[in-house]
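Enquirer: have a look at this fold, sequence not included:
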């Protein structure tokens, strides 16, 4: 076994794993029929002149299946939170009650659900491309590692096995998220 080639394989697997993890995080921000605090992960608030993630300055809870309640630790930030939600691409109307903000997620239409599934598939395809790019980088590094022909062939097969494994994982994530979106 070649230690350098083993390190390349470990790096390839690590990077592919991170690509799948990144996909999961992105999927968490895509709306389904149910309320999920991760929906607000991308919302940034101007807090004392510094862009700050909403979840760092407030408690976010699911009140009912289709409602989120945002209770800021500092009530003076209510207006800024409200404005950030209006400015976001979520299309939600925040209801400020003086203590916190209630977000009622309207039920998704069939058309919206289909559009979200297309987004999920597009994002998933981007992750597959990232995994394939990692495979290419790994293969290039292995070819430069001055291995014997048999060793190189074996390591290239290992990289392909990893690629197949992670592409399958991405397909499963796409399927799960799509089903979650289409579930009424």
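Expert: Yep, it's here. Since the structure is predicted, the reported quantities are computational estimates derived from the model, not experimental observations.
Enquirer: pLDDT of the helix or strand in which residue 25 is found, averaged?
Expert: Per DSSP states H and E, residue 25 falls inside helix 3-28. Computed over helix 3-28, the mean pLDDT rounds to 91.
Enquirer: same question for stretch 32-47: list its buried residues.
Expert: 32-33, 35-37, 39-41, 43, 45, 47 (16 or more other CB atoms under 10 Å). Bear in mind the C-beta positions are built from the backbone N, C-alpha and C, glycine included.
Enquirer: show me what contacts the spatially most central residue of the chain?
Expert: Compute the mean C-alpha point of the chain, and by CA atoms, centre = their mean the closest residue is residue 26, 1.7 Å away. Neighbouring residues of residue 26 by CB atoms under 8 Å, 6 or more residues apart in numbering: residue 123.
Enquirer: any idea how far it lies from residue 156?
Expert: The gap separating residue 26 from residue 156 is 30 Å, by CB to CB, to the nearest Å.
Enquirer: equivalent analysis for residue 173, please.
Expert: Noted for residue 173: a distance of 26 Å to residue 156, by CB to CB.
Enquirer: what about the strands in the chain?
Expert: For the chain, the strands defined by DSSP state E occupy 44-47, 50-53, 58-64, 67-72, 94-96, 101-104.
Enquirer: quick check: can you name the pairing partners of the third one and their directions?
Expert: This points to strand 58-64. In the sheet, strand 58-64 lines up against strand 67-72 (antiparallel) (DSSP bridges).
Enquirer: OK, contacts around residue 66?
Expert: Applying CB under 8 Å, 6+ apart, we find residue 66 in contact with 33-35, 104-107.
Enquirer: can you do 10 Å?
Expert: Counting by CB atoms under 10 Å, 6 or more residues apart in numbering, residue 66 touches 33-35, 103-107.
Enquirer: again, but for residue 160
Expert: Shown in contact with residue 160 (CB under 10 Å, 6+ apart): 135, 138-139.
Enquirer: please indicate which of those residues are buried?
Expert: 135, 138-139.
Enquirer: okay, these in a markdown table with distance to residue 118 and pLDDT next?
Expert: Shown next, in a markdown table, are the buried ones among the contacts of residue 160 (distance: CB to CB, whole Å; pLDDT from 0 to 100):
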| residue | distance to residue 118 | pLDDT |
| --- | --- | --- |
| 135 | 26 | 95 |
| 138 | 31 | 93 |
| 139 | 31 | 92 |
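Enquirer: for those residues, which one is nearest residue 15?
Expert: Of all the buried ones among the contacts of residue 160, residue 15 sits closest to residue 138, with 8.3 Å by CB to CB.
Enquirer: roughly how far does the residue nearest to the centre of the chain sit from residue 35?
Expert: Counting by CB to CB - residue 26 and residue 35 are separated by 18 Å.
Enquirer: starting at the chain centroid, how far to stretch 95-112?
Expert: 21 Å (CA atoms, centre = their mean, to the nearest Å).
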